[in-house]
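> quick one: sequence and predicted model below, then my questions.
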Number of protein chains: 2
Amino acid sequence: MDYLQQIGFAGLNSRIKRLSDELLYSTRDYYKNADLDIEPNWHLIFLLLEEHESLTITEISQELRMSHPACVKIIKKMKKRDYIDTTTDKSDSRKQLLKLSGKAKDRLPLFHKHWDACIETTKDLIKKSPHFLQELSEFESLVSEENYMNRTIKNFDEL
Amino acid sequence: MDYLQQIGFAGLNSRIKRLSDELLYSTRDYYKNADLDIEPNWHLIFLLLEEHESLTITEISQELRMSHPACVKIIKKMKKRDYIDTTTDKSDSRKQLLKLSGKAKDRLPLFHKHWDACIETTKDLIKKSPHFLQELSEFESLVSEENYMNRTIKNFDEL
DNA sequence: TACATTTGCGTAACCAGTTACAAATATTTA
DNA sequence: TAAATATTTGTAACTGGTTACGCAAATGTA
C-alpha cells in the first residue's frame, strides 16, 4: 500500500507532483527511445507556432501560463537544434519574433504521429475516469481564483 | 481561455505539471509567510518518523516512492536545521538510523496546526470534485502497471 | 574461507521550473 | 521635450526531482 495514498488529503499535493514527474520522465524516455531529438514541452511551442506563424517569448509564456525565463530556456534549446528561427521585430527592437525553421516543418509530420500516440496513451489512462478532466479544470480554476497559500492562511486563522 | 485546456488531451500532462508546481511554490510561500523554517515535503518525513521511531534513507525512499538521492537531499537539509538525529545501526554499519530530534518534537504540535490548515485547503479545493481522489488513484495505478513510455510505444505501433 | 553479488548511501551531473535582478527599448506623463 | 515608468528579454541563483556511478559493508555461494 502506498503511504501517500494512506495519509489521504495530506498526501495529495505530493501525489500530483509524483505523477507529474513520472509522466515527464517517461515522456522524455519515449522521445529518446524513438530517437526523436526533441524534449517534453517542446510540443506545446511547436503547436503554438503551427497556429501563429510568429510569436514572441512573452506571448508564449502568457499562452502557456509559464514564467518567461522558463520559456527562454526552452526556446534557447530549440534554437540550438535549429527548430526555431528568430528575427527582430522591425517596429520594436526588443521583441524577438520566433518562427518554425525549415527543419521543424520537415519533421513536424513525424512528430505529430508520435504526439498522436501520446494522446492515445492519455486517453487510455483516463478512459475509466470520466470526471477527471472536468474536475481537474475545477481544481485549476479554484487555485487560480485564490492561491493555495492564501487559502491556507485563511483556514489557519479560522482553526 | 487557457491554451493548455484548449488543446485537450495533448495538454493534460503539462497541466498536471503546472498544477503541481503551483501547489509546491505556494506551499513554500505559506511556510515562509508563517515563519515556519520548514519546506514542502518535509512533512512527509516528519509524519513517517512520528509513526516509526527510526527509519533509514532506503526505507523512507521506498515509503514515498521516491529515489534515494532525493531523500538524501531532503534529510541533509533537515539535519542541518536540527530536525533529525542520526545514529549508525549497530548490526549494519551502512545504515543510518534517522530519528526526530528534540527540536522536531517540540515544534511538531505547531507544525501540525499548519498542516491541518493545508488539509482544509485541499478539502476545499476538491469539495466539488467527488471523484477526483478515486480517479487520481486509478491514474496512478495504471501508470505504475505499465509506464507512459511503454504504453505510447505500443500505441504508436498500432497506429 | 574466499570470492562474487547485493545493499545502503553518498555524490556528481543533469533537467525543468521558480524569483530576483539588470539592461535596453518603448511608452507615458509632467 | 525630458524624465519617469513599463515592457521585453536575458541571466543568475535557487529548489527539487532524476539517472549514473562509486564505495563500503553485508550477504550468498562455491
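Sure, I can see it.
> can you pull the contacts of the spatially most central residue of chain A?
Central residue of chain A (C-alpha atoms, centre = their mean): A:Asn41, 4.9 Å from the mean position. By C-beta atoms under 8 Å, 6 or more residues apart in numbering or on different chains, A:Asn41 lies in contact with A:74, B:14. Heads up, the C-betas are built off the backbone N, CA and C, glycines and all.
> immediately after the longest helix anywhere in chain A, which helix or strand?
Secondary structure of chain A per DSSP state H: the longest helix is helix A:102-125. Toward the C-terminal end, the helix or strand that comes next after helix A:102-125 (DSSP states H and E) is helix A:132-145.
> which parts of that next one are buried?
A:132-133, A:135-136, A:138-140, A:142-143 (16 or more other C-beta atoms under 10 Å in any protein chain shown).
> is it true that A:Glu63 lies in a strand?
No. According to DSSP: H, G, I helix; E, B strand; the rest coil, the state of A:Glu63 is helix, so it is not within a strand.
> my read: it touches B:Gln5, true?
No. Using C-beta atoms under 8 Å as the test, A:Glu63 is too far from B:Gln5 to be in contact (11.3 Å).
> these two: which has the busier surroundings?
More crowded of A:Glu63 and B:Gln5, by other C-beta atoms under 10 Å in any protein chain shown: A:Glu63, with 20 against 15.
> any idea how far that one is from B:Tyr3?
With distances defined as C-beta to C-beta, to the nearest Å, the gap from A:Glu63 to B:Tyr3 amounts to 4 Å.
> who touches both of the two?
Residues touching both A:Glu63 and B:Tyr3 (C-beta under 8 Å, 6+ apart): A:Leu48.
> could you tell me the end-to-end distance of stretch A:87-106?
With C-alpha to C-alpha, to the nearest Å as the measure, stretch A:87-106 spans 20 Å from end to end.
> now that stretch: buried residues?
The neighbour-count check on stretch A:87-106 (16+ other C-beta under 10 Å) flags A:95-98, A:100-101, A:104 as buried.
> with respect to DNA strand C, which of the residues you listed is nearest?
Within the set of the buried residues of stretch A:87-106, A:Lys95 lies nearest DNA strand C; the separation is 8.2 Å, counting by C-beta to the nearest atom of the strand.
> ok, and the closest non-adjacent residue to the closest one?
For A:Lys95, ignoring the flanking residues on the chain, the nearest one in space by C-beta to C-beta, 6 or more residues apart in numbering or on different chains is A:Asp89 at 3.8 Å.
> how about A:Leu49?
Spatial nearest neighbour of A:Leu49, excluding adjacent residues (C-beta to C-beta, 6+ apart): A:Leu100 at 4.9 Å.
> bridge partners for that neighbour, pull those for me.
Judged by DSSP bridges, the bridge partners of A:Leu100 are A:Ile84.
> so A:Leu19 makes contact with B:Ile16?
Yes. At 6.2 Å, A:Leu19 and B:Ile16 qualify as touching, with contact defined as C-beta under 8 Å.
> more crowded one of those two?
Legend: neighbour count by other C-beta under 10 Å for A:Leu19 and B:Ile16, higher for B:Ile16 (22 against 19).
> so A:Ala117 makes contact with B:Met149?
No. A:Ala117 sits out of contact with B:Met149 when judged by C-beta under 8 Å, with a separation of 10.5 Å.
> and stretch A:56-75, how far out from the chain middle?
In this view, stretch A:56-75 has its centroid 11 Å away from the chain centroid, taken as C-alpha atoms, centre = their mean, to the nearest Å.
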